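The sequence isn't on hand, but the structure is:
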């Protein structure tokens, strides 16, 4: 019988997930300032490129971490999954900062592409991003609070397969 984790995983997952959703909802519902100082505007112009690089790196870490665990390399898996989580956290900070300060930019392409390609892809990305938060948080908490020898007796691998699938598809759509 394994020792109980230090924190109740499901309760902590719920609290963290709701907190993240609340912070994001609050931040993204605000109106950006009418005028920004020039240095801030210039810095914000680089953020989309940084976001693309971060998302691509996160996807690489995620897939390499999945591959590592399939090969039985727990240490590499752990480092890569933590790196992927850190990168996604950095993405969220940059994305929310950009939206809060500069607002959302309208799609500049042809209306047909916007309607039939951009919006469906963006919708799938957003839905998968939202749905993947809870399983990702759940697995991070298990990975961080259980001993490596005890993780196999948890839902970590089952939830992980689900989370990595959702997360990978979401990142692929925007990377």
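Sure, I can see it. Quick caveat: nothing in here was measured; it's all calculated off a predicted structure. Numbers count the residues shown, from 1 in each chain.

Could you check which helix or strand contains the nearest residue to residue 33 once chain neighbours are set aside?
Leaving aside its chain neighbours, residue 33 sits nearest to residue 101 (6.8 Å; criterion: C-beta to C-beta, 6 or more residues apart in numbering). Heads up, the C-betas are built off the backbone N, CA and C, glycines and all. Under the criterion of DSSP states H and E, residue 101 resides in helix 74-102.

List the buried residues in that helix.
For helix 74-102, burial by neighbour count (16 or more other C-beta atoms under 10 Å) applies to 77-78, 80-81, 83-85, 87-88, 91-92, 94-96, 98-102.

Contacts only, for the residue nearest to residue 33.
32, 33, 36, 40, 44 (C-beta atoms under 8 Å, 6 or more residues apart in numbering).

Next, the second one: secondary structure please.
What that stands for is residue 33. Assigned with DSSP: H, G, I helix; E, B strand; the rest coil, residue 33 falls in the coil class.

So it versus residue 48, what's the distance?
For residue 33, the distance to residue 48 (C-beta to C-beta, to the nearest Å) stands at 19 Å.

what's the answer for residue 56, then?
Remark: distance between residue 56 and residue 48 (C-beta to C-beta) = 13 Å.

And residue 29, by the same measure?
21 Å.

now do residue 27
Going from residue 27 to residue 48 by C-beta to C-beta gives 18 Å.

Quick check: mean pLDDT of stretch 162-170?
In this model, stretch 162-170 has an average pLDDT of 95.

For that stretch, list every residue counted as buried.
Residues 162, 163, 164, 166, 167, 168, 170 are the ones in stretch 162-170 that count as buried (16+ other C-beta under 10 Å).
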